[in-house]
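Colleague: Model the structure of this input:
(one chain, ligands or ions: 1)
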Amino acid sequence: MKAIISDIHSNLEALEAVLADIASNNVTEIYCLGDIIGYGPNPRECIDLAMQCQMVLLGNHDQGAMFDPDGFNPPAERAIFWTRQQLESSAENRTKREKRWEFLADRPRTFKEDSLLFVHGSARNPLNEYVFPEDIYNQRKMDRIFALIERYCFQGHTHVPGVFTESLNDDSYQFQSPEDLINATHRLDDRKTMVNVGSVGQPRDANWRACYVLLNGADLTFRRVEYDIETTIRKIHDTPELDNFLGDRLRDGR
Ligand SMILES: [Fe+2]
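Modeller: Numbers count the residues shown, from 1 in each chain. The predicted structure is shown next:
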């Protein structure tokens, strides 16, 4: 069984809770779809934990910390500069610091395994493109993206979990949130499918619990995990470079 996580965003409490939940299941591999850092208060710790995953992709915030951040709103950009500072001026030894930068620099943008494709954003633009639930009504966008998917694609980036499927009868698309699914479980079938695994560290589907996916053969299950959210919020409030809103939004899952 695989665990697929994404968008940790330096939220250590959420990541630790998710890793504990993963450990209580029969998981052999953990795949991470990027955005380990950005927004949250514990970039170093989250990178160190992510290094233990079997596969980790590059996210746009990870890239922003390495190069000049582009296309971020002011609080997100400030958080990226603060994150970079944390990774550079760590009190730890140089080897450990360099290991983290090397790890980030080595991240691929896509990963393919049999009929499964893994990206951060979309199959068309692996790093930066958002695919939101309402995009099912954007026929052109969905047609283009689905054309690039052989069978199944797992992604993150929007922080909104759910399953996008093509219709077998016509050329429409469907989106199902975890709440729409029986027991939050979906069986992959003949239809091409995109799965947004949601966000560990900053869910935006009005549910504050950390989100990730367990993949057992063709069965995928969305997991929601409670964590010590007040500790994360307090750390963000205590860091002047991190906008208070980045903490407050966690409470409402927005
Ligand atoms: Fe993200």
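
Colleague: Which residue ranges of the stretch 101-250 of the chain form helices?
Modeller: Counting by DSSP state H, counting those that start in this stretch, one finds helices in the stretch 101-250 of the chain at the ranges 139-147, 229-237, 244-252.

Colleague: Include mean neighbour count when you put those helices into JSON lines, please.
Modeller: Using the backbone N, CA and C atoms, a C-beta is placed for each residue, glycine as well. Shown next, in JSON lines, are the helices of the stretch 101-250 of the chain (neighbours: other Cβ atoms under 10 Å):
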{"stretch": "helix 139-147", "mean neighbour count": "15"}
{"stretch": "helix 229-237", "mean neighbour count": "17"}
{"stretch": "helix 244-252", "mean neighbour count": "17"}
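
Colleague: Out of those helices, flag the one nearest the ion.
Modeller: With Cβ to the ion as the criterion, the ion lies closest to helix 244-252 of those, at 12.1 Å.

Colleague: can you tell me if that closest one touches the ion.
Modeller: No - if you take Cβ under 5 Å from the ion as the test, helix 244-252 misses the ion, and the best it gets is 12.1 Å.

Colleague: how many neighbours does the residue lying closest to Met142 once chain neighbours are set aside have?
Modeller: Sequence neighbours aside, Tyr173 is the residue nearest to Met142 in space, at 4.9 Å (criterion: Cβ to Cβ, 6 or more residues apart in numbering). Residues near Tyr173, counting by other Cβ atoms under 10 Å, number 22.

Colleague: Would you mind measuring from Tyr173 to Glu150?
Modeller: Shown here: Tyr173 relative to Glu150, a distance of 17 Å by Cβ to Cβ, to the nearest Å.

Colleague: swap in Cys46?
Modeller: 31 Å.
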